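**Q** quick one: sequence and predicted model below, then my questions.
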Amino acid sequence: MSAVKLPPHDGPVLSVVDMHTGGEPVRIVLSGAPVPEGGSLLERRRWLRDKADWLRRLLLLEPRGHRDMYGVLLVPSEEPGAHLGAVFIHTEGYSTMCGHAVIALGRFAVDYGIVPRAPGGPDTPVRIHCPCGPVQAYVSTSGGRSGAVRFHSVPAFTLATDVSVEVPGYGKLVVDIAYGGAFYAFVSAERFGLDVCTSKTRDLVDVAAAVTASVKEQVKLAHPENDEMAFLYGTILTDGNDGYSEQPTANICVFADSQVDRSPTGSGVTARIALQYHKGLIQLDQTRSFRSGATDSVFTGKAVKETTCGNLKAVIVEVSGQAFYTGASSFVLENEDTLKNGFLLK
Ligand SMILES: O=C(O)[C@H]1NCC[C@@H]1O
């Protein structure tokens, strides 16, 4: 089949590979993006945010994307041994960690030749420098293709448990706050008479967004090593099944500007494992399954090592999942297009 003929356009052609992990999209930019200035990944991330945010908007917002779109800009990394640097983007801005995207990037790195497949198998290590720090992924091979990916994230920890917050319309409630490369508030959906798997997404989003807004107002977060991580990324509503079980526990993550994760949320699973370990509900190397309330997709997670983060006890968590390719596109723009930099409906 002949290559697709590009339409008339102005400016760069942005070539992307589209994937999904558990239903959550990942748009990886292959070429056409500006090379960000800066001596570190975090500086490059700030440059992209402050000087080239048109790129995020064009790639993720309508008409080329949608309200719940997610993407990755690959940037040079100064991290020793890193195979690639990742700047995670969503429809409100930039995040510090994205487990579902790490799972996709693991496959992408092997399949696109960034990391040669380890001859001896079974896994090919792929080291990904994320804004929260280095993440070590291990890419399996299945039938001559890359397959499931597991990753060891940055040190994960519980910041606070049983934090009381006043949520307008819902009264006083108690949340837990934990970090898995990003900070999340955790609360059972049952507290609102909802079920993460069967309630309307709109109802779950409204509740989670209200909790996020209240925690942001009433609770000051701190990260022991990096102030840039000290913000509440979202709220994860759970089914309340925090005690160890071989049965999956379900959750749904509402992050950034009421964006809904279709996957079980890799950084959320990381934080949830840290929370369950902190509460003595699971032991090291006990694997739990986490089901997305949105799509029933499943990640597994386990704490594999105790560590510290600054003065806090922490654990290294391993998360596993599977990503799939959905397409490859070239995006262009025309200067006359008044909507060329994207939009979202109110
Ligand atoms: O899997 C994750 O960690 C990401 N998915 C969307 C929200 C998080 O960044």
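**A** On my side now, so go ahead.
**Q** pLDDT weak spots in the stretch 201-346 of the chain?
**A** Nowhere does the stretch 201-346 of the chain drop to pLDDT under 70.
**Q** what's the distance between the residue positioned nearest the centre of the chain and Y170?
**A** Central residue of the chain (CA atoms, centre = their mean): C98, 2.3 Å from the mean position. Per CB to CB, to the nearest Å, C98 is found 29 Å from Y170. Where you see a C-beta, it was placed from the backbone N, CA and C, and this is true even at glycine.
**Q** I'd assumed C130 was in contact with the residue nearest to the centre of the chain.
**A** Yes. Counting by CB atoms under 8 Å, C130 is a contact partner of C98 at 7.3 Å.
**Q** surely Q276 forms part of a helix?
**A** Yes. Looking at Q276 with DSSP: H, G, I helix; E, B strand; the rest coil, it is inside a helix.
**Q** wait, what's in contact with it?
**A** D242, G243, Y244, I282, R288 (CB atoms under 8 Å, 6 or more residues apart in numbering).
**Q** ok, 6 Å please
**A** D242, I282 (CB atoms under 6 Å, 6 or more residues apart in numbering).
**Q** next one: D111
**A** S146 are the contacts of D111 under CB under 6 Å, 6+ apart.
**Q** next one: phi and psi at it?
**A** When read as degrees, to the nearest 10, the backbone of D111 gives phi -70, psi -20.
**Q** ok, now A213?
**A** phi -60, psi -40.
**Q** can you list the domains in this structure?
**A** Domain segmentation of the chain under automatic domain parsing yields 13-152+325-332, 157-321.
**Q** what is the end-to-end distance of the first one?
**A** Meaning domain 13-152+325-332. Using CA to CA, to the nearest Å, one end of domain 13-152+325-332 lies 5 Å from the other.
**Q** near the ligand, which residues of the protein show up?
**A** Within the chain, the positions adjacent to the ligand are 24, 70, 95, 97-100, 253, 255, 261, 263, 265-268 by CB under 6 Å from any ligand atom.
**Q** from those residues, which land in helices?
**A** The helices, defined by DSSP state H, take in G99, H100, G266, S267, G268 from the residues of the chain next to the ligand.
**Q** list the contacts for the second one?
**A** Contacts here follow CB under 6 Å, 6+ apart; on that basis H100 touches T21, E24, S263, G266.
**Q** and what of the third one?
**A** G266 makes contact with G99, H100, V319, according to CB under 6 Å, 6+ apart.
**Q** any idea how many residues pack against the residue nearest to the second one when sequence neighbours are not counted?
**A** Once flanking residues are discounted, H100 sits nearest to T21: 3.9 Å by CB to CB, 6 or more residues apart in numbering. The local packing of T21 (other CB atoms under 10 Å) involves 30 other residues.
**Q** need the pLDDT of T21.
**A** According to the prediction, T21 has pLDDT 98.
**Q** quick check: bridge partners of it?
**A** Residues in a beta bridge with T21, per DSSP bridges, are E24, A323.
**Q** just checking, it touches I103?
**A** Yes. Taking CB atoms under 6 Å as the definition, T21 is a contact partner of I103 at 4.8 Å.
**Q** what is in contact with those two at once?
**A** G321, A323.
**Q** so which of the domains of the chain is nearest L344?
**A** Each of these has some distance to L344 by CB to CB; the shortest is domain 13-152+325-332, at 5.5 Å.
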